[in-house]
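A.B. asks: Below is the sequence, then the predicted model.
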Amino acid sequence: TTTTSTAPTTEPPFDVAVARINCGGPAFTDKNGNVWSKDDYFINGVTSVALTGQKISGTKDDELFQTERWDPVEDGPLQYAIPVPQPGAYRVVLYFAEIFDAMTAVGDRVFHVSLEGERVLKKFDILAETGGKLFRAVEKEFFALTTDAVLKVEFEHSKADNPKISAIAVFGQPVSVTTTTPAGPTTSTGSATTDANGFSALYSINCGGFKYTDVDGQLWSTDGFFSAGLVNEAPFAEIKGTKDDDLYRSYRYATTTDFQYFFPLASGTYTVALYFAEVDDTVTTAAARKFSVVMEGVTVLPNYSIFGDVGPFKKAVKSFVIQVTDGILNINFVKGVGTPMVNAIQVFGLSQGTSDPVTTTTTTTTTSTQAGTGGSAKDYQDPVLRINCGGGQFISSSGAVWQADAHFLGGLTSDSFVAIAKTTDDELYQSERWGDFDFAYELPTPKKNRDYRLVLHWAETFEGTAAQGQRLFNVYINGKEELSNYDIVKKAKGFATAETKEFMVQSTADKVVRVDFQHVTTGTFDHPKINAIELYALGADSGTLTTAAPTTSAGNSVYTQAVLRINAGGNDYTDSAGNLWQADDYFVNGLTNAAFGGVTVAGTPDPQLYLTERWSPLGDPLLSYNLPVGSAGSYMVQLHFADTFTGTNAAGARQFDIIIEGSTVRSNLDIVQEAGWSTALVLEFVVATLDPVITVSLQHAASLADNPTIQALAVFAPANGGTGGGGTGGGT
């Protein structure tokens with residue numbers, strides 16, 4: 001099952017209404033005359049209605065947004081199981097409006113949405129979409145591929161309040177099939193299990209269709225390894241000359257452009273069999289559909305017409321012997337008259353050494369001139385950090401924890417849901433950071449001027465750059481160019497195929513490894529990107545960096561642009577440097593207090609900042625701050641502490657945990673042990689947020705040693721404003 005937020009293309013359009021549901025409400029006819037059914041096909045959830053007559057901005061159909069189905073936390077997950085005519089691709093539109101007037105600020109309601117098991121909205125915040133406005137319509141559109149006759153929509157709780165939905169619409173494509181006409185040489189009929197020489201199939205692809213086992217027991221895989229094109233089917237067509245009608249009923253085609261298939265293969269000689277059947281009953285002459293097929297740059301089928309070759313609804317198999325020299329078998333279907341198409345493809349090995357497709361991840365280790373003298377690359381096995389670029393926290397098949405995207409400067413994020421070859425961790429390669437402009441990562445290291453092993457992970461998942469030469473970029477490490485004109489597809493030997501590069505590098509005096517991803521300045525190529533990053537140390541140099549990079553100094557050379565400063569528990573305050581700290585705000589729960597009895601705070605030029613606090617009594621709800629930062633991205637969160645309560649003036653008397661964006665960044669923090677009693681302590685954490693709110697929480701430690709407290713908070717963005725972005729750059 002695959003879900004994508006990008007349409008396969010615009011033709012044929014997804015405009016045939018399959019379902020329109022007024023969630024939580026009655027049947028309804030909108031201003032365009034479209035009939036929405038009463039709430040139906042739901043699993044779990046309860047309904048609510050806005051005040052009678054409540055106006056909804058951004059729509060002419062207020063009534064559609066005045067009702068909702070929502071999911072109390074104690075219930076099972078809210079789902080919709082919407083019947084669709086058949087397996088295939090559908091356009092899904094989700095409608096939202098925040099109609100609960102207790103939801104007054106960004107961050108008050110945050111949840112996830114999945115289609116067919118694939119998450120399409122992460123940490124979705126309706127008010128963030130509307131600029132904080134209640135009663136304003138929001139629409140989100142996605143494309144989903146279902147393998148059965150039910151389209152599943154699921155709503156999941158995140159960090160605040162409950163999921164909800166106002167309306168759902170599902171659209172399919174018109175039922176019509178497109179094809180082309182004849183003119184084809186080479187007529188040979190390879191078997192579905194072996195070719196004429198008895199070689200087993202390396203690839204068997206059911207183009208435009210799903211996994212299928214033919215009458216001979218040969219397994220055909222779901223359509224894959226393609227770039228561009230649409231899918232269609234003639235579900236009831238009877239095909240002459242075969243007992244495997246289903247194999248010929250689905251197909252891939254393209255209306256306005258060519259489309260391609262790319263198969264990773266070792267260099268060698270192969271037989272390629274193409275399977276066709278003209279299943280479009282509007283194609284009635286040989287001239288109605290003509291196209292050419294080009295393999296490895298050679299036209300093997302010029303101006304081919306299926307109808308002219310064998311007539312309608314009859315199988316045709318064309319076989320060719322092809323030499324592959326670059327690790328990729330390229331097959332192009334070139335538009336002529338009508339639309340190019342293909343029903344199925346098989347690839348068979350001929351020469352020795354080509355009996356299997358490539359199955360191991362390509363990994364290259366480069367010893368950079370930056371590296372010092374500490375041992376070989378294989379000795380660097382102690383993880384310093386693992387980053388799932390553009391994505392959330394992820395646990396790999398080996399149990400390794402990859403933190404959510406962090407430590408980046410600039411760039412945008414995108415998701416894909418294509419299956420990834422040469423890895424068991426597809427999800428790691430299905431999110432990415434990319435840039436309209438150059439972007440970078442500054443990776444914190446435990447020690448300065450030490451050797452580390454850097455591992456960069458890629459897979460090309462954007463169909464617009466599925467061929468070699470379409471995406472080229474440069475990679476610099478600590479200012480030195482390490483990869484020039486890097487081409488993911490070429491290096492990985494295929495589209496949607498994992499590729500890994502390793503480097504021995506050295507941290508700077510600032511305890512950072514910087515990796516820059518830069519555009520190629522000559523020619524027109526797509527944007528730089530990265531899917532995942534790892535950093536490994538040698539034994540004692542590994543340190544303890546995990547989901548954030550804390551320090552105990554109030555300074556950072558990268559994150560210097562103040563976003564906000566808060567005097568926790570206190571009023572507006574101007575510090576000795578002239579910075580304004582606003583009165584306590586954006587908190588959830590907790591009580592306030594002020595030091596008394598002539599207490600002074602050491603270790604700071606601004607002791608007054610540390611004389612007020614917000615704290616959390618045992619048994620109260622979690623103390624949190626929801627800090628608005630304007631946009632998703634990477635930020636430094638600066639937390640200020642001083643323990644001024646005489647009852648906790650010894651180490652071990654007060655301990656608590658710090659949680660930022662759902663990840664525990666410090667456990668059992670003991671202010672007195674780290675800084676001393678009545679002494680300022682500043683902790684800094686570089687974090688990533690996928691929405692415009694950073695949530696900081698303080699919770700009681702397992703020891704229950706007194707209560708969490710905080711004196712002040714500040715958030716900083718990178719000096720160049722490159723806080724990343726939450727964009728979904730489909731054109732990456």
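C.D. replies: The structure has been received and is ready for your questions.
A.B. asks: isn't P605 right next to A680, touching?
C.D. replies: No - P605 is not in contact with A680 according to CB atoms under 8 Å; the separation is 9.4 Å. Any C-beta I mention is one placed from the backbone N, CA and C, and that applies to glycine too.
A.B. asks: So for the two, which sits in the more crowded spot?
C.D. replies: A direct count of neighbours by other CB atoms under 10 Å for P605 and A680 places A680 higher, at 22 against 9.
A.B. asks: Contact partners for the more buried one?
C.D. replies: With contact set as CB atoms under 8 Å, 6 or more residues apart in numbering, A680 has these partners: V601, A602, G603, T604, P607, Y610, H640, F641, A642.
A.B. asks: now, among these, which is nearest to L301?
C.D. replies: Nearest to L301, judged by CB to CB, of these is H640 at 71.3 Å.
A.B. asks: Does the closest one fall in a helix, a strand, or a coil region?
C.D. replies: strand (DSSP: H, G, I helix; E, B strand; the rest coil).
A.B. asks: that older thread, which of the contacts of A680 sits closest to K133?
C.D. replies: Using CB to CB, H640 comes nearest to K133 of those, at 33.3 Å.
A.B. asks: show me where the protein has helices.
C.D. replies: Using DSSP state H, the helices found in the chain span residues 62-65, 126-130, 245-249, 306-310, 488-492, 671-675.
A.B. asks: contacting residues around the third one?
C.D. replies: By that I understand helix 245-249. 206, 209, 212, 214, 220, 233-239, 242, 275-277, 279, 315, 343-344.
A.B. asks: Tell me which of the helices of the chain sits nearest to Y90.
C.D. replies: The nearest among the helices of the chain, by CB to CB, is helix 245-249 at 18.7 Å.
A.B. asks: State the mean pLDDT of the closest one.
C.D. replies: If you average the pLDDT over helix 245-249, you get 93.
A.B. asks: Could you list the low-pLDDT ranges of the stretch 451-600 of the chain?
C.D. replies: 539-558, 596-598 (pLDDT under 70).
A.B. asks: quick one: the strands in it?
C.D. replies: In the stretch 451-600 of the chain, the segments counted as strands under DSSP state E, counting those that start in this stretch are 451-458, 473-477, 480-486, 499-506, 512-519, 529-530, 532-537, 559-567, 573-574, 580-583, 587-588, 591-594.
A.B. asks: Make a markdown table from these and add distance to D62 to it.
C.D. replies: Listed next are the strands of the stretch 451-600 of the chain as a markdown table, based on distance: least, CB to CB, whole Å:
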| stretch | distance to D62 |
| --- | --- |
| strand 451-458 | 47 |
| strand 473-477 | 48 |
| strand 480-486 | 52 |
| strand 499-506 | 51 |
| strand 512-519 | 46 |
| strand 529-530 | 42 |
| strand 532-537 | 45 |
| strand 559-567 | 36 |
| strand 573-574 | 45 |
| strand 580-583 | 37 |
| strand 587-588 | 31 |
| strand 591-594 | 42 |
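A.B. asks: what's the closest of the ones you listed to I395?
C.D. replies: For the strands of the stretch 451-600 of the chain, the distance to I395 is smallest for strand 532-537, at 13.1 Å, taking CB to CB.
A.B. asks: will you turn the helices of the chain into CSV that also has mean neighbour count and distance to A466?
C.D. replies: Shown next, in CSV, are those (neighbours: other CB atoms under 10 Å; distance: least, CB to CB, whole Å):
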stretch, mean neighbour count, distance to A466
helix 62-65, 22, 39
helix 126-130, 21, 31
helix 245-249, 23, 24
helix 306-310, 24, 25
helix 488-492, 23, 7
helix 671-675, 19, 52
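A.B. asks: would CSV of these with distance to R654 be doable?
C.D. replies: Below are the helices of the chain laid out as CSV (distance: least, CB to CB, whole Å):
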stretch, distance to R654
helix 62-65, 48
helix 126-130, 35
helix 245-249, 68
helix 306-310, 78
helix 488-492, 51
helix 671-675, 6
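A.B. asks: Quick check: which of those is nearest to T146?
C.D. replies: Closest approach to T146 among these (CB to CB): helix 245-249, 17.3 Å.
A.B. asks: Dump that closest one to CSV, restricted to CA.
C.D. replies: Provided in CSV are the C-alpha atoms of helix 245-249 (Å, rounded to 0.1, in the frame of the first residue of the first chain):
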residue,chain,number,x,y,z
ASP,A,245,-5.6,-12.5,-18.5
ASP,A,246,-5.0,-10.5,-15.3
LEU,A,247,-1.4,-9.9,-16.3
TYR,A,248,-2.5,-8.0,-19.4
ARG,A,249,-5.5,-6.1,-17.8
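A.B. asks: how far does that helix sit from the chain's center?
C.D. replies: Relative to its parent chain, helix 245-249 has a centroid offset of 34 Å by CA atoms, centre = their mean, to the nearest Å.
A.B. asks: excluding its backbone neighbours, what's nearest A160?
C.D. replies: Closest residue in space to A160, ignoring its immediate chain neighbours: V110 at 4.4 Å, by CB to CB, 6 or more residues apart in numbering.
A.B. asks: I'm done for today, thanks for sticking with me.
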